[in-house]
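A.B. asks: what's the 3D shape of this:
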Amino acid sequence: MQEKTRAKNAKNLSEVQLIEELKRLRTQIPDNPSLNPILNVAFDLSRRLESGDVSSEEVRSLAGRLMDRACVRRARRLREKVGYVDQAATLKDFTSYVEKTAKEAGSIKAFAERWERARTGIVLTAHPTFGLSDALYRRMVEIAVADPAGDVTIGLPHAPERELTLQHEHKCAQDAIRNLRNAYEELLHGFYSVASQKFGDAAFKLRPRLTTLASWIGYDLDGRTDIAWTFSFEVRLLEKRGALADIRERFVVLKHKLEETDEAQRLARQIVGKLDLAIASVDEQLKALEAFKNDSSALATAANVITKTDGYNLLTVEPLQTLFASLIDTVQAPQMKRAVAALSGLVDATGLGTSHIHLRINALQLNNAFRAYVHEPWTRDLTESQSLARIVEMIKNCPREAVNFATLDLETATAIRQFALTAQIHKHVDKETPIRFLIAECESPATVLIAVFFAKLFGVDGITDISPLFETPSGLENGSRIMERLVEEETYRDYVKGRKRLSIQTGFSDAGRFIGQISATLAIERYYHGLAALLDRAKLDDVEILIFSTHGESMGRGAHPGTLHTRLHYLMTDEARFRFADANIPVKHETSFQGGDGYMYFGNRALTTRALATIVMDGEIPEREHDPFYSEHNFSLDFFLRLRAFQQHLFAHDGYRAVLGAFGPNLLFKTGSRPVKRQGEHTSDRGNPARMRAIPNNAILQQFGYIANVVAGLGTAVGADRDRFNKLAKSSKRLRSLLEMIAYAKQISSLNAMGANAQIFNAGLWASRASWGREQVLSTAFRTLATHLLPDERQGAINELVHLLRLDAIDLHAILEDQQIEDGTDPDENRLELDLLQAIRLALIMRIFILAAQLPRFTPQDGLSHAQVLEMALSLEIPEVLNILRKAFPHGAKNFAEEGNAAFDEQATYRPRGIDDYARLETEILTPMESSYEFIREIGTGISHHFGAFG
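C.D. replies: Numbers count the residues shown, from 1 in each chain. I've put the predicted structure just below:
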């Protein structure tokens, strides 16, 4: 009988039937405007769950099937984004591109010049988007490459690793870098194959730089204080060891195929011997550093080991490259020349590390370090002109300071310590590979010059690329002025001429929280145009501009949902490329791949090779096309300003802040080692975007179902002249890419979801459930919730936001319909499954609310009353609530039979009632609350699958 009931219930929880119910309810909305299909389905599920008509296991099974399908779709979309077909197609496309450049060059000299510098770059960053376990990550990559037809069962929880440490993040990055190194060498084989056919054996002497690989994991101190210099230095040594061991392993495989001539074998033994000694030297340094970490008094001993000069510690790749060059001359077979040249090219690309590294701090840390260095009173603020004059004079008269590991260990100023770390890496690890020094939240030219001063002070200005980040609204607005002021200073000009490179970074994090993603996209592009113009005027001959675009994998982080090629040109537009080219300014464009989400592009060698080939080929300046978006200056500027104003108004809306603050990040798993909260965040203003990091900000919008910082404001931006806009959009490639970004975001956004999630705070919902009397056993809990939520303003504020966004969406749909762009008005199966996931999770949140309303009264714990703990539960601060309740109502381990009677001569007949009662509290309320909360967060991961990334 029970089996039949189970079968019936499972059938009743068929996703097919529930999706049909969502469709049916949607058709009724025109006649019942207050109807919300997601809320209706959630309410029905909640009643059935509380009555026992369906079990938690059945609900979990239903959600699991939906999440599996979303996960598979996400994996298949990854394949489409990368453009992967098979390895043969990848190599054919790449070699055809190399052939094209060889034909255009004509001579080997011109061909060598074309490939002598990298025009693109990949940076792996550790923003906390490690939302997938290692096993789930591998499963998705496997699906992306295999592309199996039909339904696929994932068979894994949709959750991150339980422990997310910086070490784990570093390992994930290094796994991706390993695939990138494999792909890089493979593309070099293709390059030399084409080049040698065109130019003969002379081609094997070329040192092409296809692209660059870099990472900042282990070196990023922006907003975190938990990374000691010892960790960063150890990571750099480990990366050096990894690179040396990797080259050795590759060469040993190649060595067995070498010709048996005396000269070739002699050179091979020299290469292996030099690598073995270098690896042994690094091992000795690592052992010494580990000894110091375990005993702080052993610093001098460790330092002396690290700094000794014995000739074995490689500080430059030139000894290896000289041997490789001799070996190329010695071997006769073209395939062996190609293999050695490719390996040499890999060494050339990354130096004595698995990749290049980026150190990152923020402007405040740098400014405070300078103030401490010059003993400037903390109460005194210099004007910008005073600061610049002072710093310029200091740079001109800068001494050269030497540091050792003692001074590095003693230094308390984060920024100075990072420069001292750079100096020690330069002296004792790798003296020639450039190091990027990123300055977040940079809003003054003085800040950049302070960095130049410290680089010169410690003797690393020759290898350090100082790169200000412009991403705040102020930074983007004033970025051109800041750079113009800098290039006016001879000290800065001398610095960039010495580096032959001027470096800047742009980002979407702060911009996305304050002016919206589309506005941020346009502001960044406007900045690039201004930069091209000012550099043209500055006449910095033989200096390339390095532009590092930091963004994420989802629309909330500024990444286009289209192909990788589309994404790269969305960031660095054709128009921006033309303007730099017209000014004869060489450009290197780097792009970031963030956290676990971004590393998926490099989760498999085949995917990696395709992605890498696309990025290398993206260095080409596209053929010029006229785009009226740029000739209609006034209209385009008005569009940008109106859109920015709408988004700024939106972010100040009480409903927007209620969305962000309703549950805060409690809907989400922790997805990285970096703290979620910004310094200075207070619970009272949890919904303030300024107090929240960008990734949880975007992730919460995803979870509430409407990514307003991408979707909203188009109608207002277009203004009254819609006909003119429609005509412009139909002929503008750039405007089309913006509309496609908005349209895709709208297709997977749902105001019904946002409205349904708000209803959980509606006192009327709970009062109605109590008044109808159909759930008598829970009537008291419903009344408790209704009473507690009567003064709560969240639901009203969010509803107002929903109404505002719905009015905005009317114009949005009309504009997209005019452009014949799919807008999601009629949701597809993918969106309906997302709506159903929202309904299931809402039913589980209702369950937590109902359980919380049944919590027994207790003596205040840790200064918290029963009402305060209930409010914590309604904000989904469940781990904290469980901790408080388990402390107030302990149960457990004592066995009455053994401890109550057996060991005592005096017998008792009374059994303490709390033993059983507190255990019932655990099994009836606390454990179900805990398991529901964990599954709510897992559904959050399932929802993020639909958006293609976490936050």
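A.B. asks: so where is the stretch 1-150 of the chain shaky, pLDDT-wise?
C.D. replies: Where the stretch 1-150 of the chain drops to pLDDT under 70, the residues are 1-12, 148.
A.B. asks: helices along that one, start to end?
C.D. replies: Defined through DSSP state H, counting those that start in this stretch, the helices belonging to the stretch 1-150 of the chain, from first to last, are 2-12, 15-28, 37-51, 56-82, 87-105, 108-114, 134-146.
A.B. asks: what's the closest of those helices to residue 535?
C.D. replies: Residue 535 lies closest, by C-beta to C-beta, to one member of these: helix 108-114, at 21.0 Å. Where you see a C-beta, it was placed from the backbone N, CA and C, and this is true even at glycine.
A.B. asks: wait, doesn't residue 573 sit right on residue 525?
C.D. replies: Yes - counting by C-beta atoms under 8 Å, residue 573 sits close enough to residue 525 to count as a contact (5.6 Å).
A.B. asks: relative to residue 383, which of the helices of the stretch 1-150 of the chain is closest?
C.D. replies: Comparing these against residue 383 with C-beta to C-beta, the closest turns out to be helix 108-114 (45.7 Å).
A.B. asks: select, out of the helices of the stretch 1-150 of the chain, the one closest to residue 499.
C.D. replies: Closest to residue 499 of the helices of the stretch 1-150 of the chain, according to C-beta to C-beta: helix 108-114, at 19.7 Å.
A.B. asks: which neighbouring elements make contact with the closest one?
C.D. replies: helix 87-105, helix 166-199 (3 or more C-beta pairs under 8 Å, 6 or more residues apart in numbering; DSSP states H and E).
A.B. asks: so which of those is the most surrounded?
C.D. replies: Relative to the other members of those, helix 166-199 carries the highest mean neighbour count by mean count of other C-beta atoms under 10 Å, namely a mean of 21.
A.B. asks: which strands and helices sit next to it?
C.D. replies: The criterion is 3+ C-beta pairs under 8 Å, 6+ apart, and the helices and strands that helix 166-199 contacts are helix 87-105, helix 108-114, strand 120-125, strand 212-215, helix 229-255, helix 334-350, helix 595-599, helix 605-617.
A.B. asks: show me the contacts for the nearest residue to residue 749 once chain neighbours are set aside.
C.D. replies: Distance criterion C-beta to C-beta, 6 or more residues apart in numbering; nearest residue to residue 749, sequence neighbours excluded, is residue 706 at 4.5 Å. When contacts are counted by C-beta atoms under 8 Å, 6 or more residues apart in numbering, residue 706 is found next to 749, 750, 751, 753, 754, 805.
A.B. asks: returning to that earlier point: distance to residue 555 added to the helices of the stretch 1-150 of the chain, as JSON lines?
C.D. replies: What follows is the helices of the stretch 1-150 of the chain, written out as JSON lines (distance: least, C-beta to C-beta, whole Å):
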{"stretch": "helix 2-12", "distance to residue 555": "36"}
{"stretch": "helix 15-28", "distance to residue 555": "24"}
{"stretch": "helix 37-51", "distance to residue 555": "21"}
{"stretch": "helix 56-82", "distance to residue 555": "13"}
{"stretch": "helix 87-105", "distance to residue 555": "27"}
{"stretch": "helix 108-114", "distance to residue 555": "35"}
{"stretch": "helix 134-146", "distance to residue 555": "19"}
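A.B. asks: who wins for proximity to residue 510 among the ones you listed?
C.D. replies: Between residue 510 and those, the shortest gap by C-beta to C-beta is with helix 56-82, which sits at 25.8 Å.
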